[in-house]
Each structure stands twice: as C-alpha cells, then as structure tokens.
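**Q** make a model of this:
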Amino acid sequence: MIIQNESSYEGSFLFPREEVIPLAKVINLELSVNPSNPVQEAVAVVLLLINSHPGRQYELLQQIDMQIGEALAALDEARMKAADSKVAEDLESPVD
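**A** This next block holds a predicted model:
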C-alpha cells in the first residue's frame, strides 16, 4: 500500500523541558492498494484511518462492523433469493 498525504500543523506536544512541538494533522490521504490482496489491504486502510482518530477507535470500529453486517445481510438475502429461484425453476422443469 502506498500512502500520500497533505498535512498541516495543528495542536502541539509538551515535552518536560516545556518545548512546544507542533503535531501534524492529516487533511487528505491518497491510497494506492493492491487489489490482489483485498483483505490485507482493507485491514491496513481501516487501521490507518481508525488510528488517525485517537480516542474514537472503538466507535469507528463499531460503525464499520455495522456497515459490514448490513452488507453481509444483503448478500445473504440475495443468495437466498437466488437459491429459491433455482428451486422454483427446478420444480417447474419436467422430469425426464
């Protein structure tokens, strides 16, 4: 996976010597993924995005889980409809 980003500085980090060092805020990401490894690439992208939102990882993963659950339910429903349609076709076909 190749990552390019545009960043600006926002926030700061205080060291014990009281130096203020600005932290980068990522505004835009452009990702290049290898479609021959879809699971690994999707996981890498999800981890990159959730880790860029400290303190919200759990919430973001819950939302992703809900979206994946809805997509799986839709696929299951389509699969069941296709199976029911095949059974109906088989029942209508004459037996030799």
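
**Q** who does Glu30 bridge with?
**A** Beta-bridge partners of Glu30, counted by DSSP bridges, are Gln4.

**Q** what distance do you get for it to Ser36?
**A** The spacing between Glu30 and Ser36, counted by Cβ to Cβ, to the nearest Å, is 20 Å. Any C-beta I mention is one placed from the backbone N, CA and C, and that applies to glycine too.

**Q** do the same with Leu47
**A** 19 Å.

**Q** so between these two, which is more surrounded?
**A** Taking neighbours as other Cβ atoms under 10 Å, Leu47 and Ser36 compare with Leu47 leading, 12 against 7.

**Q** helix or strand for that one, which one?
**A** Using DSSP states H and E, Leu47 falls within helix 38-51.

**Q** put the alpha carbons of stretch 67-84 into CSV.
**A** These are the backbone C-alpha positions of stretch 67-84, laid out as CSV (Å, rounded to 0.1, in the frame of the first residue of the first chain):
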residue,chain,number,x,y,z
GLN,A,67,-21.8,-1.5,7.8
ILE,A,68,-20.1,-4.9,7.2
GLY,A,69,-23.0,-6.6,8.9
GLU,A,70,-25.5,-4.9,6.7
ALA,A,71,-23.5,-5.8,3.6
LEU,A,72,-23.3,-9.4,4.7
ALA,A,73,-27.1,-9.5,5.4
ALA,A,74,-27.8,-8.1,1.9
LEU,A,75,-25.5,-10.7,0.3
ASP,A,76,-27.2,-13.5,2.3
GLU,A,77,-30.7,-12.3,1.2
ALA,A,78,-29.6,-12.2,-2.4
ARG,A,79,-28.1,-15.7,-2.1
MET,A,80,-31.3,-17.0,-0.6
LYS,A,81,-33.5,-15.4,-3.3
ALA,A,82,-31.2,-16.9,-6.0
ALA,A,83,-31.5,-20.4,-4.3
ASP,A,84,-35.3,-20.0,-4.0
